[in-house]
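Chemist: what's the 3D shape of this:
(one chain, ligands or ions: 1)
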Amino acid sequence: MRDLSGKTAAVLGGGSGIGLGIALGLAAEGVNVVVADIEADAASQVADRIREGGGSARDLRTDGTDPESLAEMVACAVREFGGLHLLSNNVGVVLDRPLDGITRSDWEWIVEFNFFSIVRGVEAVLPRMREQGEGGHIVNTASMAAVLAIPKSERMPAHIGAYTATKHAILGYSEILRGELAPEGIGVSVLCPGMVRSNLSATAARNRPGRHGGPLPAPPQPSGETQDRMMPPEQVGPIVVDGIRGNRLHIFTHPESVALVEDRQRRMLDDFAFFAQRARG
Ligand SMILES: NC(=O)c1ccc[n+]([C@@H]2O[C@H](COP(=O)([O-])OP(=O)(O)OC[C@H]3O[C@@H](n4cnc5c(N)ncnc54)[C@H](O)[C@@H]3O)[C@@H](O)[C@H]2O)c1
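Modeler: Numbers count the residues shown, from 1 in each chain. Reported below is the predicted structural model:
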């Protein structure tokens with residue numbers, strides 16, 4: 001979708017971090033934005049910021065795991081702006097725990113929030129995009145953890161095994177979805193950010209619902225020095241805008257991380273070579 005001005009986007013998880021950056025970036029291109037977040041105050045502050053900058057926005061408390069709440073998000077876009085052309089799907093949670101310490105309840109929470117919220121967001125917007133017949137674009141936020149699998153180490157300060165598994169699932173889902181929706185003129189991208197300044201550990205802990213064990217204690221905040229090394233969320237918005245305009249499958253915020261991906265691919269190719277040699281006998 002090249003011409004964004006006057007279109008309408010729902011930014012799910014738009015109240016903070018990467019969603020906030022995308023909401024601002026789209027608004028700067030003349031897109032009407034529904035800032036949808038489970039934290040109503042956060043959504044309202046982002047919508048205020050967009051309007052103060054001359055843009056057009058509405059905020060809505062939305063639970064990205066609840067189909068009825070998502071239906072209301074779509075209805076809000078149609079009621080306020082006359083349609084819905086873009087979805088930015090950002091809900092996610094993280095839990096710093098090794099895989100053998102993750103309980104069944106943890107898994108159900110992480111899979112529901114990281115993966116099924118993406119699927120439910122797509123299911124909520126597709127009927128409207130199809131009815132409009134004007135095409136559209138969906139950006140599913142995964143992570144560099146969709147293309148890498150890094151154990152806790154000097155380079156990776158946390159255990160992110162369950163997170164990595166669900167982010168890989170988003171990549172596979174999005175790539176197939178892209179092929180299925182292309183004939184209808186609906187683009188699909190998968191956003192793979194590196195480290196971006198956000199509140200992910202804190203919002204994940206405090207919004208863990210009762211059905212998955214309830215809120216967790218507030219995790220320690222990264223140090224100021226660590227935060228300083230991360231990309232400000234406002235820089236993510238223009239990158240995503242270019243990804244939508246260019247209809248890219250992957251949207252990478254940190255292209256300098258390519259060597260890590262090449263290294264992983266090389267290890268995969270080594271295994272192919274091993275079994276190719278075995279097959280030759
Ligand atoms: N920050 C990073 O470095 C980074 C890197 C790669 C990927 N990501 C991904 O980016 C996405 C956004 O994370 P972030 O880091 O910006 O965190 P964040 O906590 O700053 O933003 C997430 C937003 O989602 C909202 N949210 C949580 N549960 C929700 C629900 N059920 N319904 C609606 N809104 C809900 C939160 O209230 C919050 O405003 C996540 O999917 C995360 O995995 C983040």
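
Chemist: ok, the nearest residue to residue 114 once chain neighbours are set aside - how many residues close by?
Modeler: Among residues not flanking residue 114 along the chain, residue 166 sits closest, at 3.7 Å (Cβ to Cβ, 6 or more residues apart in numbering). To be clear about C-beta, it is placed using only N, CA and C from the backbone, and glycine gets the same treatment. Number of residues near residue 166 (other Cβ atoms under 10 Å) recorded here: 24.

Chemist: phi, psi of residue 166?
Modeler: phi -70, psi -30 (degrees, to the nearest 10).

Chemist: quick check: it touching residue 111?
Modeler: Yes: applying Cβ atoms under 8 Å as the test, residue 166 and residue 111 come out as touching, 5.9 Å apart.

Chemist: roughly how far does the residue in the stretch 51-200 of the chain that the ligand sits nearest to sit from residue 219?
Modeler: Here the stretch 51-200 of the chain gets closest to the ligand at one residue, residue 92, 2.2 Å apart by Cβ to the nearest ligand atom. Relative to residue 219, residue 92 is positioned 15 Å away (Cβ to Cβ, to the nearest Å).

Chemist: who's more crowded, those two?
Modeler: More crowded of residue 92 and residue 219, by other Cβ under 10 Å: residue 92, with 27 against 16.

Chemist: quick one: the nearest residue to the more buried one once chain neighbours are set aside from residue 86, how far?
Modeler: Nearest residue to residue 92, sequence neighbours excluded (Cβ to Cβ, 6+ apart): residue 114, at 5.2 Å. Between residue 114 and residue 86 the computed distance is 21 Å (Cβ to Cβ).

Chemist: do the same with residue 251
Modeler: 13 Å.

Chemist: near the ligand, which residues of the stretch 101-250 of the chain?
Modeler: 141, 143, 193, 195, 196, 198, 199, 200, 203, 207 (Cβ under 6 Å from any ligand atom).

Chemist: farthest-apart pair in the residues you listed, please.
Modeler: 195 and 207 (21.2 Å; Cβ to Cβ).

Chemist: which of the residues of the stretch 101-250 of the chain next to the ligand has the most neighbours?
Modeler: Going by other Cβ under 10 Å, residue 141 tops these with 29 neighbours.

Chemist: where do the helices sit along this structure?
Modeler: Counting by DSSP state H, the chain has helices at residues 17-28, 40-52, 67-81, 104-111, 117-132, 161-181, 200-206, 224-229, 236-245, 258-280.

Chemist: looking at those helices, which is buried most?
Modeler: helix 17-28 (a mean of 27; mean count of other Cβ atoms under 10 Å).

Chemist: for it, give the mean pLDDT please.
Modeler: For helix 17-28, the mean pLDDT works out to 98.

Chemist: one more: stretch 264-281?
Modeler: 98.

Chemist: hmm, who's touching that stretch?
Modeler: 147, 148, 149 (Cβ atoms under 8 Å, 6 or more residues apart in numbering).

Chemist: before we move on, the earlier item: mean pLDDT lowest where, among the helices of the chain?
Modeler: helix 224-229 - the lowest mean pLDDT of these, at a mean of 86.

Chemist: quick one: that one to chain centroid distance?
Modeler: Put simply, helix 224-229 sits 22 Å off its chain's centre (Cα atoms, centre = their mean, to the nearest Å).

Chemist: ok, now stretch 192-201?
Modeler: On Cα atoms, centre = their mean, the centre of stretch 192-201 falls 10 Å from the chain's centre.

Chemist: ends of it, how far apart?
Modeler: Stretch 192-201 stretches 18 Å from its first residue to its last (Cα to Cα, to the nearest Å).

Chemist: could you do stretch 7-18 as well?
Modeler: End residues of stretch 7-18 are separated by 20 Å (Cα to Cα).

Chemist: distance from it to the middle of the chain?
Modeler: How far stretch 7-18 lies from its chain's middle: 10 Å, per Cα atoms, centre = their mean.

Chemist: check whether it comes near the ligand.
Modeler: Yes: judged by Cβ under 6 Å from any ligand atom, stretch 7-18 and the ligand are in contact via 12, 13, 15, 16, 17, 18.

Chemist: and these, which is closest to residue 183?
Modeler: Using Cβ to Cβ, the residues of stretch 7-18 next to the ligand come closest to residue 183 at residue 12, 25.1 Å.

Chemist: so what's the closest one bridging to?
Modeler: For residue 12, the beta-bridge partners are residue 36, residue 89 (DSSP bridges).
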